[in-house]
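Trainee: below are the sequence and a predicted model for it; my questions follow.
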Amino acid sequence: MKTDDTKARHGSGFFSVNPSAQKRHSLLAAVLLAAAALSWGCAGFVAGTNSTNPPPPPTYSISGTITPAAGGNGATVTLSGASSGTTTANTSGAYSFTGLANGTYTVTPSHSGYTFSPASQNATVSGADVTGLNFTATAQTNTFSISGTITPTAGGSGATVTLSGASSATTTANSSGAYTFSGLANGSYAVTPSHTGYTFSPTSQNATVNGANVTGINFTATASATFSISGTITLSGSALSGAAVALTGPAAANTTTNTSGNYTFSGLANGTYTITPSNSGDTFTPANQSVTVSGANKTGVNFTATVTQSHTVALAWIASTTTTVTSYNVYRSTTNGSGYAVIGSVSATTSPLAYTDSNVTNGLTYYYVTTAVDSSTGLESSFSNQATAVIP
């Protein structure tokens with residue numbers, strides 16, 4: 001007897017049909033698809049984890065000490081190579097460079113007045129700090145000089161020469177125009193000459209001292225254009241001979257008027273000067289004058305002298321009727337009715353009783369009083385009436 005399954009197979013025209021097998025294939029396909037989906041999800045999760053930023057690379061340091069501390073303290077330490085930097089050693093001579101990546105570096109110390117052993121050191125940073133990169137400082141016992149000559153001697157003799165740079169100093173060129181700076185440590189310097197009335201070529205020069213004296217730092221002086229200031233001093237319309245005249249400003253000088261009352265200051269560079277006359281017993285109008293020299297001579301800087309009138313004050317008074325008076329004190333003040341101070345004493349035997357005050361100033365008013373003194377008892381009377389003197 002044939003089964004329904006057989007009938008169905010014949011009726012459908014299919015060669016073979018197995019429903020159970022078809023279900024298994026569908027289940028297997030579903031399982032495979034689910035596995036594929038799970039695999040895709042895992043792949044997406046892993047990709048998300050890989051997108052996080054990596055941590056920064058580590059950094060390291062180079063350190064050491066410069067001994068003795070006298071040479072290490074304040075020394076400048078320079079780093080070059082994979083990166084560069086500068087630091088200053090502390091009071092113990094210790095130094096440190098931090099935040100360094102792997103690489104090769106050079107460390108070089110420097111300190112004015114010292115040399116170092118070794119002069120520099122290489123250091124390779126490779127995954128760890130580098131320590132003990134030490135140096136020994138030695139004070140320079142050898143010193144050197146910088147010298148030269150300023151020509152011609154007219155401009156060189158007496159010229160001021162200034163040194164700047166690793167150390168500073170000033171010297172004066174001798175009568176031959178030669179100059180020298182000695183006791184210099186190794187280093188870079190600049191030399192600059194100056195002299196009133198001269199310019200210099202070159203205006204300054206650099207000089208490097210490196211274990212030997214430096215010579216031949218020479219200059220040429222050229223006279224600048226110069227000018228003069230002149231004038232006449234008169235007294236009562238006539239020449240005043242022998243009056244002193246002083247020049248101050250960019251240059252200073254003194255001269256005396258000749259028999260014609262004339263004076264001259266020559267060899268002056270451009271600038272503003274002050275001329276001041278003086279002569280015993282005379283006053284001058286004006287008292288001084290400011291004169292600006294600007295590319296030309298200045299003439300007619302004249303003054304008028306006037307004889308100074310001296311004044312005195314003559315005082316006289318009536319003697320006290322007291323027979324024990326031995327002297328009189330004379331008092332003076334510039335304040336009416338107060339502020340008196342003793343200026344002299346007169347013996348009671350003087351006849352007539354008088355005193356002359358020669359120390360007075362024109363234009364002031366003076367107030368005088370006297371007192372009677374008994375030297376045996378030390379008693380002094382009250383002030384007399386006040387006398388007034390107006391000095392013209």
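Mentor: Nice, I can see it. This one's a predicted model, so the numbers in the text were calculated from it and none came from an experiment.
Trainee: remind me which residues of the stretch 251-392 of the chain are low pLDDT?
Mentor: For the stretch 251-392 of the chain, applying pLDDT under 70 flags no range at all.
Trainee: mind checking the SS state of N329?
Mentor: Classification of N329 using DSSP: H, G, I helix; E, B strand; the rest coil returns strand.
Trainee: please name the bridge partners of it.
Mentor: Counting by DSSP bridges, N329 forms beta bridges with S345, T371.
Trainee: surely it meets A341?
Mentor: No - at 10.3 Å, N329 does not count as touching A341 under the criterion of C-beta atoms under 8 Å. Every residue, glycine included, has its C-beta placed from N, CA and C.
Trainee: who has more neighbours out of the two?
Mentor: Each of N329 and A341 has its neighbours counted (other C-beta atoms under 10 Å); N329 has more, 19 against 8.
Trainee: contacts only, for that one.
Mentor: V342, G344, S345, T370, T371, V373, E380 (C-beta atoms under 8 Å, 6 or more residues apart in numbering).
Trainee: repeat for V125
Mentor: Y60, I62, A82, L100, A101, N102, G103, T104, Y105.
Trainee: where neighbours are concerned, which of those residues has the most?
Mentor: Counting neighbours by other C-beta under 10 Å, I62 leads these with 24 neighbours.
Trainee: what about S164, helix or strand, and which?
Mentor: strand 160-165 (DSSP states H and E).
Trainee: which residues touch that strand?
Mentor: Contacts for strand 160-165 (C-beta under 8 Å, 6+ apart): 146, 150, 168-173, 179, 181, 187-195.
Trainee: who touches stretch 254-272?
Mentor: By C-beta under 8 Å, 6+ apart, stretch 254-272 touches 196-197, 224, 226-234, 238-247, 249-251, 253, 273, 275, 290-295.
Trainee: hmm, 6 Å instead?
Mentor: Identification of contacts with stretch 254-272 by C-beta atoms under 6 Å, 6 or more residues apart in numbering yields 197, 226-230, 232-234, 239-247, 249-250, 253, 292-294.
Trainee: domain parsing for this structure?
Mentor: 60-139, 144-223, 227-307, 313-390 (automatic domain parsing).
Trainee: just confirm I229 is within a strand.
Mentor: Yes - assessed with three-state DSSP, I229 lies in a strand.
Trainee: now it: how far from L353?
Mentor: Distance, I229 to L353, using C-beta to C-beta, to the nearest Å: 56 Å.
Trainee: give me the more crowded residue out of these two.
Mentor: I229 (24 against 17).
Trainee: that one touches V291, doesn't it?
Mentor: Yes - using C-beta atoms under 6 Å, I229 is in contact with V291, at 5.3 Å.
Trainee: show me where the stretch 51-200 of the chain has strands.
Mentor: 60-67, 76-81, 85-88, 94-100, 103-110, 114-117, 121-125, 135-139, 144-151, 160-165, 169-172, 178-184, 187-194, 198-201 (DSSP state E, counting those that start in this stretch).
Trainee: would you list the ones you listed in TSV and tack on distance to V214 and mean pLDDT?
Mentor: TSV is the format used below for the strands of the stretch 51-200 of the chain (distance: least, C-beta to C-beta, whole Å; pLDDT from 0 to 100):
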stretch	distance to V214	mean pLDDT
strand 60-67	28	98
strand 76-81	24	96
strand 85-88	28	97
strand 94-100	32	97
strand 103-110	20	96
strand 114-117	18	90
strand 121-125	30	97
strand 135-139	21	92
strand 144-151	5	97
strand 160-165	11	97
strand 169-172	14	97
strand 178-184	9	96
strand 187-194	8	96
strand 198-201	18	93
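Trainee: could you dump those strands to TSV with distance to F284?
Mentor: Shown next, in TSV, are these (distance: least, C-beta to C-beta, whole Å):
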stretch	distance to F284
strand 60-67	69
strand 76-81	62
strand 85-88	62
strand 94-100	69
strand 103-110	62
strand 114-117	62
strand 121-125	76
strand 135-139	62
strand 144-151	41
strand 160-165	34
strand 169-172	36
strand 178-184	43
strand 187-194	34
strand 198-201	34
